[in-house]
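Participant: The following block contains a protein sequence and its predicted model.
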Amino acid sequence: MSKTKKTKALTKNQKQLNAALEIAADVHRNQVRKAPDGRPYICHVLDVVIALPEHKHLERLVAALHDTVEDSPKGKREALKAKIKRVFGPKVLAGVKAMTHIKKKGRAEDEELADYLDYVKSCVSKNKAAIPVKIIDNYVNMKDRVTQFVAGGKDTEKARKKLHQYACSIALLTKK
């Protein structure tokens with residue numbers, strides 16, 4: 001005789017996180033991570049969410065949605081922000097906005113680093129929910145770049161520069 005497991009009903013927080021991940025999965029559909037792994041992009045989002053403790057609900061929602069605005073087509077960003085505010089509230093939207101970094105094209109690497117660090121100082125560091133999300137996002141990105149750096153080859157120098165960028169960001173956000 002087999003015993004059937006009863007499944008518990010999802011909590012309100014679990015339902016909200018599932019809704020956030022559903023939006024992220026829709027935005028990141030057909031996107032893959034750049035070298036070295038080439039995994040579906042939603043795996044990066046899940047890596048960031050899973051690294052946050054379950055009791056950090058606001059941060060986990062921000063983590064689930066952290067790249068959605070910048071990865072949406074320009075013409076759909078405002079509608080997405082309105083949906084995030086409507087479904088999850090102004091605190092989640094503020095965290096997502098703080099995490100949004102629209103990169104400027106055609107910049108030299110030193111200008112790109114300066115721009116990124118300015119974004120971390122002026123946006124991320126001003127939002128309590130965004131700070132731990134960005135730190136974890138950087139660690140997840142570093143993990144991928146360490147693999148690329150250790151493998152050597154044509155992308156070694158680019159990986160080194162990105163590792164430096166992420167380390168500088170973490171240092172800014174953890175400075176007392």
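Facilitator: Everything's here; your move.
Participant: Hmm, Arg107 and Asp115 touching each other?
Facilitator: Yes: Asp115 is within contact range of Arg107, at 6.7 Å (criterion: Cβ atoms under 8 Å). Where C-beta positions appear, they are placed from N, C-alpha and C, glycine not excepted.
Participant: show me what contacts the residue nearest the centre of the chain?
Facilitator: For the chain, the residue nearest the mean C-alpha position is His66 (4.1 Å; Cα atoms, centre = their mean). Applying Cβ atoms under 8 Å, 6 or more residues apart in numbering, we find His66 in contact with Val45, Val48, Val96, Met99, Val133, Asp137.
Participant: Now tell me what touches stretch 136-148 from outside.
Facilitator: With Cβ under 8 Å, 6+ apart, stretch 136-148 has contacts from 33, 35-37, 44, 47-48, 51-52, 63, 66, 99, 155-156, 158-159, 162-163, 166-167, 169-170.
Participant: same thing but at 7 Å, please
Facilitator: Applying Cβ atoms under 7 Å, 6 or more residues apart in numbering, the contact partners of stretch 136-148 are 33, 35-37, 44, 47-48, 51-52, 66, 155, 159, 162-163, 166, 169-170.
Participant: So how do I select the buried members of those residues in PyMOL?
Facilitator: Those of the contacts of stretch 136-148 that count as buried under 16 or more other Cβ atoms under 10 Å are selected in PyMOL with:
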select buried, resi 33+36+44+47+48+51+52+66+155+159+162+163+166+169+170
